[in-house]
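>>> no sequence on this one, just coordinates:
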């Protein structure tokens, strides 16, 4: 399967990973980098939101259980900063009212990560075709 990079500048899609567990953050980042994506990461919601403001990622993977700011707060803030960003919740459990675009349940496989990524890339493509 060929992975498409659908940025208007023809550079890789920028992806942000927010997770306080270094091993989870590293697994997601490494997998996405191997696939050719530009990846940035943050260990908490506050730093993640700063990166949303300064780096403008098209896709954000965020843990739901974080110190100081939970995933729902982070997702709401991302929606205010960039309503078109595709947000993926990453957690071991999911409340019914998570406002993300997709979910990745821990523990996850590389195949499951790729499926969620395909959905995100399709979303970005649909936004570009509407523009």
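Received it, and whenever you're ready, just let me know what you need. All values reported here derive from a predicted model rather than from experimental measurement.

>>> Strands of the protein, start to end?
14-18, 38-42, 59-63, 86-91, 102-105 (DSSP state E).

>>> which of those strands sits most buried?
Most buried of the strands of the chain by mean neighbour count (mean count of other C-beta atoms under 10 Å) is strand 59-63; its value is a mean of 27. Where you see a C-beta, it was placed from the backbone N, CA and C, and this is true even at glycine.

>>> Which neighbours in the sheet does it have, and how are they oriented?
Applying DSSP bridges, strand 59-63 is found paired with strand 14-18 (parallel), strand 86-91 (parallel).

>>> got a list of contacts for the first one?
By C-beta atoms under 8 Å, 6 or more residues apart in numbering, the surrounding residues in contact with strand 14-18 are 7, 25, 28-29, 32, 37-45, 47-48, 51-52, 55-63, 66, 74.

>>> on that earlier part again, any chance of the strands of the chain in TSV, plus distance to residue 128 and mean pLDDT?
As requested, the strands of the chain are exported to TSV (distance: least, C-beta to C-beta, whole Å; pLDDT from 0 to 100):
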stretch	distance to residue 128	mean pLDDT
strand 14-18	14	97
strand 38-42	17	97
strand 59-63	14	97
strand 86-91	13	96
strand 102-105	18	93
